[in-house]
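S.K.: Just the structure for this:
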Amino acid sequence: MRRVLALAVLCGALSGCGEPKIDGSSEEAFKKSIDKISQSLPEKEKSKFTSDIMYLAMQGVDFKDVMSGRSNAEDIATEMRASLGGKGAKEVSAEADRVRAERVERERQQALSEISDLEKKKVESEKAAEQLKKFVVLKSRFYKRTEEYSYRAKPIIEVSIKNETGKAVSRAYFKGTIASPGRSVPWLVESFNYEISGGVEPGEEQSWSLAPNQFSEWGDVDPPKDAMFTVEVVRLDGADKEPLFGSGQFDERDAARLESLKKQYPN
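M.R.: Predicted structure coming up:
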């Protein structure tokens, strides 16, 4: 019994029995205890210990609060010492690994949710595209008209359509492209839309002459005579002025994002 008591007293005096712990009682004690733990570790474990300490310390930092002044460096340091105080190297490593694993899983779940949403958007966009084809562009023309007392030519868009969607349409949205045969880069790709007075009923044909803002891209473009003007229907609003088809178009950015996520999270 005396030997056990003597050993306990000796361990307390030398502070060398058991794994050294982080002392969070003060900033000085905190730094010294971390340095002591680091010095006690094999060389290959020192960098991971330092990395784990920094990682756990940053978990409690709200950068919005820091930037707004609601949180200061002293408060952050106090919270950090409180959260790490009493932990040894193994405990720090285990806690850091747990937090990292939780973060990885959280990111995975968020990515899978986004993949699901993008795939749903893609399917809906493909269905809408089939319906939009039924709003047929029969003819399209772009030109500029010079008017008296105007120093700038006025852009004109002429479009003829036929509504074969089976639904009344109150507004149509288009993507217009001005390009020359044999050229890979168009002179202009720009959107425009038209609120149809009285709407256009199923089976009905209409022709419109639209005048975009002459100080917009339409007014700036000066295509050559061989340029062709093509029009794609990208969205239609119904009689209630709510989106009918094409409100959630799956675009190139969506496609790139979906491809990137599926590479990172194949299952």
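S.K.: Give me the distance between residue 89 and residue 95.
M.R.: For residue 89, the distance to residue 95 under the criterion CB to CB, to the nearest Å works out to 11 Å. Backbone N, C-alpha and C define where each C-beta goes, glycine included.
S.K.: more crowded one of those two?
M.R.: Neighbours of residue 89 and residue 95, each counted by other CB atoms under 10 Å, are more numerous for residue 89; the result is 22 against 17.
S.K.: and the gap between that one and residue 47?
M.R.: With distances defined as CB to CB, the gap from residue 89 to residue 47 amounts to 12 Å.
S.K.: Run a quick neighbour tally on the nearest residue to residue 201 once chain neighbours are set aside.
M.R.: Take residue 201 and drop its neighbours on the chain: the residue closest to it by CB to CB, 6 or more residues apart in numbering is residue 168, 5.3 Å away. Residue 168 has 19 neighbours, counted by other CB under 10 Å.
S.K.: wait, residue 168 sits on residue 196?
M.R.: No: under the criterion of CB atoms under 8 Å, residue 168 lies out of contact with residue 196, with a separation of 9.5 Å.
S.K.: Give me the buried stretch members for stretch 94-108, please.
M.R.: Within stretch 94-108, the residues scored as buried using 16 or more other CB atoms under 10 Å are 95-96.
S.K.: what does it contact?
M.R.: Applying CB atoms under 8 Å, 6 or more residues apart in numbering, the set of residues contacting stretch 94-108 from outside is 51-52, 55-56, 59, 87, 265.
S.K.: Identify the farthest-apart pair in these.
M.R.: Using CB to CB, these span at most 32.6 Å, a distance reached by 87 and 265.
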